[in-house]
Each structure stands twice: as structure tokens, then as C-alpha cells.
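Q: okay, sequence plus prediction incoming.
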Amino acid sequence: MIELHQVSHSFGDVEALAGIDLAVGEHEFVAVIGRSGCGKSTLLRLVAGLLTPTSGRIAVAGEPVVRPRRDVSVMFQRPALLPWRSVLANVLLPVEVLRLPGAHQAHELLELVGLAGFEKRLPHELSGGMQQRVALCRSLIQQPRVMLMDEPFSALDALTREELSQELQRVQLELPRAVVLVTHSIEEAVLLADRIVVLSPRPGRVHRVVEVPVPRPRALGQAGLDDVSRELRGLLGVTA
Ligand SMILES: Nc1ncnc2c1ncn2[C@@H]1O[C@H](COP(=O)(O)OP(=O)(O)OP(=O)(O)O)[C@@H](O)[C@H]1O
């Protein structure tokens, strides 16, 4: 579903990514992890069509990426909800703007993430975790073939973050897609991903791709995930 061939990107003199080769399958969940500044967000923005690579090729569903596509959704660290629109109206935004079908799914999606009954609330009446759940529904209503997520839970407290990771696991089991998740959290990566791409420090290169050979549903800290976490800590040079 996503293919990157020898993708490099520089911002002026700053070489952010070099020679990235990566393929993500139709229903595959790939996490990208690496030290701060190694180019994780740049990689995601390239796949989203928000940046054009300095060299190399990127394709989604067999077509070169030249601009943002409506079947590719992007979720960032902050939910970026419109404050004057209700929960339901925020979820429906892509349907209205892109003139897509599927408005009837909004209630179903809100129920899927535990927000049934909150349709008429305004964003400021919700906790950070609930707001990010609304952002997740807004991504899903677009019926994307590809979901790109840039540290979507990193602004949340630890407990909410765990809850939302579990929720994302459930959503991916029910509505599988190609997902690329950028995260700093080793635990989140091993819980959610089929494969984890470890980038080396600047310029970011694929240092290693680690498989998570544990069936789903998975639980945080589950036996088997520990081994993968340890391997990742070693690769990232984390000592704890
Ligand atoms: N618009 C820009 N202009 C110039 N340099 C940039 C720009 N965006 C990113 N960079 C640089 O490119 C490199 C990669 O940045 P990027 O944000 O992709 O890293 P990251 O791995 O996502 O970092 P973090 O984990 O801290 O979010 C960094 O050195 C950054 O300073």
C-alpha cells in the first residue's frame, strides 16, 4: 500500500533522511521509532504529500505521491478540533469538506471509541484523551486506506495514553488499514505494531526493522513483548 524507494530529504544544508526503503502492506501496522531529530516526522510528512522528497520515490496504492490524498489521513500530537463545532460536527468535517459519503457512520465511530452520548458537546467540555478520540473518529470517517499518526498520544497523561493505545489496537482489529505510527514510546510501538522501523540519528536511515511476533489482542507488558522491548532499547542505546 505504501512504498518508499531510496527516499532522501534535506532542509537546506540539513540532511534529515537518507536512502529510505520501506514497504507497508494493506493491513499492516508499522511503527517508526528513533532519537529526537532523526527524521520521523519528516518521513510521515513525505508520505502524506505535505513535503516533496529531495530524491527518491514514494507511492501510495501504486500511485506516486505528489500532494495530500483523500484516502490518506494524518493525525498529529494535538487534536486540532474546531472549538465552535460540536463533537459530531467535528467528526463530520472531512465528509463536508471533501464531499464524501459516510456521514451515517459518525455515531458508530463515536460509539467505537467510547464517546456515544457526547455528540453535542463542545471540545472544551472534553478531556484531552476524549478530544484525541474525536480526532481519531475524524480520521476514520474519511475511510482512509492509509492512516499516518505523528505521536498522537504524546500530549496525554500516562494512563490516558495507555487507554488510547488499547483503543487504537481495537480499532485496527475491527477496521484494519495500513498505519504508520511515529512514536517515542517503545511500549506503544511493541503493543501496536507488526513491524517497528528503527531510524538511525541524522540523517535518518533505516537502522533495523524489528518484527513483533506476538498475536493480538496484546496487553502492555505481556510476555513476548518484553523481549522485543529489550531489543529496541539495545538498538536505541537506552540504558534503563
Ligand atoms: N521545516 C524545517 N526546516 C529546517 N529543518 C527542519 C525542518 N523540519 C525539520 N527539520 C530538521 O530535520 C531534522 C528531522 O526533523 P524531524 O522533525 O523529522 O525529526 P523527528 O525525528 O520527528 O524529531 P522529534 O522526535 O524530536 O519529533 C531535524 O534536524 C530538524 O531540525
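A: Thanks, I have the structure now. Numbers count the residues shown, from 1 in each chain.
Q: C-alpha from now on. contacts and neighbour counts both.
A: OK.
Q: any idea how far residue 86 is from residue 125?
A: Look at residue 125 and residue 86: by C-alpha to C-alpha, to the nearest Å, they are 10 Å apart.
Q: more neighbours: the two, which one.
A: Remark: of residue 125 and residue 86, residue 86 carries more neighbours, 19 against 13, as counted by other C-alpha atoms under 10 Å.
Q: ok, the residue lying closest to the more buried one once chain neighbours are set aside - how many residues close by?
A: Spatial nearest neighbour of residue 86, chain neighbours left out: residue 122 (4.6 Å); criterion: C-alpha to C-alpha, 6 or more residues apart in numbering. Residue 122 has 19 neighbours, counted by other C-alpha under 10 Å.
Q: got the contact list for residue 122?
A: Counting by C-alpha atoms under 8 Å, 6 or more residues apart in numbering, residue 122 touches 83-87.
Q: so for it, what's the pLDDT?
A: pLDDT for residue 122: 96.
Q: now do it against the ligand, distance only.
A: 29 Å (C-alpha to the nearest ligand atom, to the nearest Å).
Q: what's the answer for residue 177, then?
A: Residue 177 is 23 Å from the ligand, by C-alpha to the nearest ligand atom.
Q: can you name the residues that contact residue 131?
A: Listed by C-alpha under 8 Å, 6+ apart, the contact partners of residue 131 are 79, 81, 123.
Q: reformat these as JSON lines; add neighbour count and secondary structure.
A: Shown next, in JSON lines, are these (neighbours: other C-alpha atoms under 10 Å; DSSP: H, G, I helix; E, B strand; the rest coil):
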{"residue": "79", "neighbour count": "21", "secondary structure": "coil"}
{"residue": "81", "neighbour count": "21", "secondary structure": "coil"}
{"residue": "123", "neighbour count": "23", "secondary structure": "helix"}
